[in-house]
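Participant: Just the structure for this:
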Amino acid sequence: MKTKAIILTAILIVIVTINQFIGTENYYHHEFCENKNSNGVAYAYPPGVGILSTAKNCLVCHANNGQWKDDDKTIIDILDKDTKKSFKQSDGTFLIETKRNELKTVLTVIGRKKDNDIPSPYRNAWLYIDPTTIETNALSKFAPNWEVNLQMSCRLVGDKLMGYENADITSLPMTIRPMENAKDAEIVLQAMLTKGESVKGNAQEGMSGNYFEKKVKLKIIE
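Facilitator: Below you'll find the predicted structure:
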């Protein structure tokens, strides 16, 4: 009896294991193995821009159809993590200065001032990228010879930060460091404020979003 019970148990385990391999749905983006977009770019974001494909910005995949185009209520800022001082310049660009081989941690703050008339986006995606690297084979699409630990993210709003109490924001740190061969560089911060969910296989449908682009200058202090 014991031997039969052991054999039956083993058979059941094998059957369950086989069914899991056969019947389990893949929850990753199917576009990584089957690309149905005729222009040959991935639907995924933000890595789909220049990293997984040669897409130049988020709008290759996503629609710019949201209600949050007005700049006076839209928040896109880069702060010094320690001092909370903004790197924004008078012309709307950002200037981040740091010494060679020195770590500099910044906060990327994205969101909207609270508005009773227009629902806030509840998810923000952003990417720092050097446009000149998009079609290259470089693994890092950040400024050449600059180290970076978190150049992109997709995050739900709800972060708390002093000075932004009346806003729905995301706030996440990013640390950079210019190496020995690094030079002054100009990169782009691509950001999308979104609400809803994209239709599988068609990122243009189902999700409302607005795209913003900001120039970021990286300067080495000698």
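
Participant: hey, let's count contacts and neighbours off CA atoms from now on
Facilitator: Fine.

Participant: Which SSE is immediately downstream of the worst-scoring helix or strand of the chain on mean pLDDT?
Facilitator: Ranked by mean pLDDT, DSSP states H and E, the weakest helix or strand in the chain is helix 2-23, scoring a mean of 49. For helix 2-23, the succeeding helix or strand toward the C-terminus, using DSSP states H and E, is strand 74-80.

Participant: what does that following strand contact?
Facilitator: Contacts of strand 74-80 with the rest of the structure, by CA atoms under 8 Å, 6 or more residues apart in numbering, involve 68, 85-88, 94, 105-113, 169.

Participant: The same query, at a cut-off of 10 Å, please.
Facilitator: Here strand 74-80 makes contact (CA atoms under 10 Å, 6 or more residues apart in numbering) with 68, 84-88, 92-96, 104-114, 164, 167-174, 189, 191, 193, 212-214, 216.

Participant: Can you classify the residue most central in space within the chain by secondary structure?
Facilitator: In the chain, the centroid-proximal residue (CA atoms, centre = their mean) is residue 153; its distance is 3.1 Å. Assigned by DSSP: H, G, I helix; E, B strand; the rest coil, the conformation of residue 153 is strand.

Participant: what's across from it in the sheet?
Facilitator: The partner list for residue 153 in beta bridges (DSSP bridges) reads residue 126.

Participant: can you tell me the average pLDDT over the helix or strand that contains residue 174?
Facilitator: According to DSSP H and E, residue 174 maps onto strand 167-178. The pLDDT scores in strand 167-178 average 96.

Participant: Tell me the helices and strands packed up against that strand.
Facilitator: strand 74-80, strand 94-99, strand 104-113, strand 123-129, strand 146-148, strand 152-156, strand 207-221 (3 or more CA pairs under 10 Å, 6 or more residues apart in numbering; DSSP states H and E).

Participant: could those be laid out in CSV, adding mean pLDDT and distance to residue 199?
Facilitator: Shown next, in CSV, are the helices and strands packed on strand 167-178 (pLDDT from 0 to 100; distance: least, CA to CA, whole Å):
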stretch, mean pLDDT, distance to residue 199
strand 74-80, 96, 26
strand 94-99, 97, 34
strand 104-113, 96, 24
strand 123-129, 94, 16
strand 146-148, 96, 32
strand 152-156, 91, 17
strand 207-221, 94, 8
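
Participant: possible to save the ones you listed as JSON lines with distance to residue 138?
Facilitator: JSON lines is the format used below for the helices and strands packed on strand 167-178 (distance: least, CA to CA, whole Å):
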{"stretch": "strand 74-80", "distance to residue 138": "26"}
{"stretch": "strand 94-99", "distance to residue 138": "23"}
{"stretch": "strand 104-113", "distance to residue 138": "23"}
{"stretch": "strand 123-129", "distance to residue 138": "12"}
{"stretch": "strand 146-148", "distance to residue 138": "13"}
{"stretch": "strand 152-156", "distance to residue 138": "16"}
{"stretch": "strand 207-221", "distance to residue 138": "19"}
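
Participant: which of those is buried the deepest?
Facilitator: Highest mean neighbour count of the helices and strands packed on strand 167-178: strand 123-129, a mean of 23 (counted as mean count of other CA atoms under 10 Å).

Participant: rewinding a little: contacting residues around the residue nearest to the centre of the chain?
Facilitator: 45, 46, 47, 108, 124, 125, 126, 127, 128, 172, 191.
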